[in-house]
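Engineer: Whatever this is, show me its structure:
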Amino acid sequence: MMCVFLLLRVQSAGTALEELLLAAKKQDYLTVGVYESAKVMNVDPDSVAFCVLATDEEYECDIALQIHFTLIQAFCFDNDINVVRVNDIDRLADLVGADDSAEPKDAHCILVTSPSANPWKDPALDKLSLFCEESRSAYDWVPAITLPER
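Structural biologist: Model prediction:
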């Protein structure tokens, strides 16, 4: 019974993450890419509301990417920013879209930002914050989320 509960919790988090990313994209509250995210974290860390790190089997052995992830995670922990991992970078890239050149974006790191002066509220962000809090209480510091299939 506990396994079913955990599966439903992770599926619900995946749906919430999809909803959050689509809503943030409409509001222009997404920062996509490892380097772009690092710039935002350096210049305006208070604007970061949520962090998604993504990889798949192709990038598991990319040492430079893993070092970036470690630094980003440390920054997020130090600044009380919830962070999750997604293991389907192609699906994530589809959600956040392509840039003007139609080239796929570097979706290894995605930040959901919100203006510090007027914080953005979203029910999906609240659900994900609760999911992360519950995961941390079970010593899962960077929980993995599976996005719903399309």
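Engineer: Look up which residues are beta-bridged to the closest residue to L17 other than its chain neighbours.
Structural biologist: Nearest residue to L17, sequence neighbours excluded (CB to CB, 6 or more residues apart in numbering): I145, at 5.4 Å. For glycine as for every other residue, the C-beta is placed from the backbone atoms N, C-alpha and C. I145 forms beta bridges with V86, as assigned by DSSP bridges.
Engineer: Show me the strands in this protein, by range?
Structural biologist: Taking DSSP state E to define them, one finds strands in the chain at 30-32, 48-54, 82-86, 109-113, 144-145.
Engineer: strand partners of the fourth one, parallel vs antiparallel please.
Structural biologist: The sheet places strand 109-113 alongside strand 30-32 (antiparallel), strand 48-54 (antiparallel), with pairing taken from DSSP bridges.
Engineer: is it possible to export those to JSON lines including mean neighbour count?
Structural biologist: Shown next, in JSON lines, are those (neighbours: other CB atoms under 10 Å):
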{"stretch": "strand 30-32", "mean neighbour count": "21"}
{"stretch": "strand 48-54", "mean neighbour count": "24"}
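Engineer: mind putting those in TSV, distance to H108 and mean pLDDT included?
Structural biologist: Below are the strands paired with strand 109-113 laid out as TSV (distance: least, CB to CB, whole Å; pLDDT from 0 to 100):
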stretch	distance to H108	mean pLDDT
strand 30-32	9	94
strand 48-54	6	94
